[in-house]
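>>> Structure, please.
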Amino acid sequence: MLTNIMKLKFLIATALAVLVSAVPAVSYAEYNDVTLGVSDTILSVGGVSLTVSATSAVLESLSVDANTFTVTMARNSFLRVTSTDRRTLSADATSITKTSSCTDSLATNTFDAGGGVSGSQTLTITVDSGTCTTGSSGGGGGGVSSGGGGGGSGYIYVPPTATPATPVVSTTVTTPTVTTTSTTQVTFGTVDRLLTKGTTNAQVKILQQILNSDPATRIAETGAGSPGRESDFFGPATQKALQKFQVKYGIAKSGDSGYGQVGPLTRTILNSFAGKTTTTVSTPVTQTIPSQATPAVNMSVSGSITKSLGKGMTSSEVKTLQQILNSDPATRIAETGAGSPGSEGDFFGPATQKAVQKFQVKYGLAKPGDSGYGNVGPLTRTILNSLAK
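The predicted structure follows:
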């Protein structure tokens, strides 16, 4: 027994020594004081060896007990833990997103305190007795009280595209120009680490390629940083383009912590665009359009959503939520009467909750059984606001 206690104290001291030696001099160290960036750190918890991956952990503190270990994470902190024993991990904090994956030789668990988390979050991670299932993956998010938007097992975030208003079709036979769209797949790779101004890293080039795929966030039209001339250096132009991206998708704005840096939430949205680009080709054709008249859908949205919303709430922002949901036939609250387009209200009732659930499933944000399913948390709010006009 005494020998085991001495061994545990030695392991804790060793882990903390590695943590202290790995702290770089960075400007945001006031809330992320523990950074693993030199070598992988091995923790022994309950006789199981866990690897805290280098360059994949930014924390305030980490402590090891007999069968658990505890981490304190600030906004935009993240932690990746792997186990060659393929052991599963469980955590007690609902406001921190956990994702996991499993192969024949490795279990990987990532804990992410995204931009929606306010203040420090402490969670205790327990090493479970079971092993993971090969090929499985999953994720989770917090509820309304803790600001979570929710993620689901096996779900993939799909970048939103606003559904256009149904046009009023002229009864006159015309010869229009039909625009056909073809999609060309380009492999950029993905970004899996914190990137900041002044960094030189191969993943900066991936970041620049993703930003350049959207004219609204393009780094430059010509010269260094322009499409086809991306580089590994994170300079002022890259930071400015990243800030445009964060504002566009409601991730951060001027004055916010993490503005102009690639943190976990920014990284998640960036990676959803990786590997995709669209080329539009206009082809004139002769076409006869039959006489019909279809009412146009009112796409007018008043304001944006700035707080968490849930069933039973009454707020002017619920009306904004209903307007955004009604802009897509797949998530429309009602076709006629209360809640239908043009008749949105301030009350978050069962019909609104059902429409939010359809929205979350459509964009891979949550599914039945997930925490936050049917509630408007930070990630759900970000995607909703990206559709508002």
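
>>> tell me the contacts of residue 250?
304, 381, 382, 385, 386 (CB atoms under 8 Å, 6 or more residues apart in numbering). For every residue, glycine as well, the C-beta is placed using N, CA and C.

>>> Now a ChimeraX select for only the buried ones of those residues.
Buried residues among those (16 or more other CB atoms under 10 Å), as a ChimeraX selection:
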select :381,382,385,386
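
>>> What helix or strand is the residue nearest to residue 388 when sequence neighbours are not counted located in?
Distances taken as CB to CB, 6 or more residues apart in numbering put residue 301 closest to residue 388, at 4.4 Å, once the chain neighbours are dropped. Using DSSP states H and E, residue 301 maps to neither a helix nor a strand.

>>> if I read this right, residue 301 contacts residue 386, doesn't it?
No. Counting by CB atoms under 8 Å, residue 301 does not reach residue 386; the two are 11.5 Å apart.

>>> Identify the contacts common to these two.
In contact with both residue 301 and residue 386: no residue, using CB under 8 Å, 6+ apart.

>>> give me every residue that touches residue 214.
By CB under 8 Å, 6+ apart, residue 214 lies in contact with 245, 273.

>>> so what pLDDT did it get?
In this model, residue 214 is scored at 90, pLDDT.

>>> and the gap between it and residue 349?
Residue 214 sits 36 Å away from residue 349, going by CB to CB, to the nearest Å.

>>> And residue 309, by the same measure?
Taking CB to CB, one finds residue 309 at 12 Å from residue 349.

>>> neighbour-wise, which of these two wins?
The neighbour comparison of residue 309 against residue 349 (other CB atoms under 10 Å) goes to residue 309, with 24 against 17.

>>> Contact partners for the more buried one?
Residue 309 neighbours (CB under 8 Å, 6+ apart): 144, 315, 317, 318, 321, 348, 375, 376.

>>> switch the cut-off to 6 Å
348, 376 (CB atoms under 6 Å, 6 or more residues apart in numbering).

>>> okay, it: pLDDT?
For residue 309, pLDDT reads 92.

>>> That one pairs with what?
With DSSP bridges as the criterion, residue 309 is bridged to residue 376.

>>> that older thread, please narrow the contacts of residue 250 to those residing in helices.
Taking DSSP state H, the ones among those that sit in helices are 381, 382, 385, 386.

>>> so the third one touches residue 304, yeah?
Yes. Applying CB atoms under 6 Å, one finds residue 385 in contact with residue 304, separated by 4.8 Å.

>>> ok so residue 126 is a helix residue?
No. Secondary structure of residue 126 (DSSP: H, G, I helix; E, B strand; the rest coil): strand, not part of a helix.

>>> Distance of it relative to residue 48?
Counting by CB to CB - residue 126 and residue 48 are separated by 11 Å.

>>> quick check, nearest of the contacts of residue 250 to residue 201?
residue 382 (25.8 Å; CB to CB).

>>> Apart from its neighbours in sequence, what residue is nearest that closest one?
Residue 382 sits nearest to residue 250 (CB to CB, 6+ apart), 4.5 Å away.

>>> doesn't the one you found fall inside a strand?
No. If the criterion is three-state DSSP, then residue 250 is coil and not within a strand.

>>> Quick one: mean pLDDT for stretch 65-85?
79.

>>> Ends of stretch 62-82, what's the gap?
16 Å (CA to CA, to the nearest Å).

>>> Go through that stretch and flag the buried ones.
So for stretch 62-82, counting by 16+ other CB under 10 Å, buried means 62, 64, 68-69, 71-82.

>>> Out of the residues you listed, the closest to residue 271 would be?
Comparing these against residue 271 with CB to CB places residue 78 closest, at 13.5 Å.

>>> and that closest one, helix, strand or coil?
strand.

>>> Helices along the stretch 151-300 of the chain, start to end?
In the stretch 151-300 of the chain, the segments counted as helices under DSSP state H, counting those that start in this stretch are 202-212, 236-248, 264-272.

>>> Dump the ones you listed into a markdown table; add mean neighbour count as well.
Shown next, in a markdown table, are the helices of the stretch 151-300 of the chain (neighbours: other CB atoms under 10 Å):
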| stretch | mean neighbour count |
| --- | --- |
| helix 202-212 | 21 |
| helix 236-248 | 19 |
| helix 264-272 | 22 |
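
>>> Using CSV, lay out those helices together with distance to residue 360.
Below are those laid out as CSV (distance: least, CB to CB, whole Å):
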stretch, distance to residue 360
helix 202-212, 24
helix 236-248, 21
helix 264-272, 15
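
>>> Among those helices, show the one with the smallest mean pLDDT.
helix 264-272 (a mean of 88).

>>> That one versus helix 236-248: what angle between them?
90 degrees (axes from the mean of the first three to the mean of the last three CA atoms, to 10 degrees).

>>> could I have helix 264-272 exported to CSV, CA atoms only?
Listed next in CSV are the C-alpha coordinates belonging to helix 264-272 (Å, rounded to 0.1, in the frame of the first residue of the first chain):
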residue,chain,number,x,y,z
PRO,A,264,-11.6,25.3,-31.0
LEU,A,265,-14.9,26.7,-32.2
THR,A,266,-13.3,28.7,-35.0
ARG,A,267,-11.4,25.5,-36.0
THR,A,268,-14.6,23.4,-36.0
ILE,A,269,-16.4,25.8,-38.4
LEU,A,270,-13.2,26.2,-40.6
ASN,A,271,-12.9,22.4,-40.9
SER,A,272,-16.5,22.1,-42.0
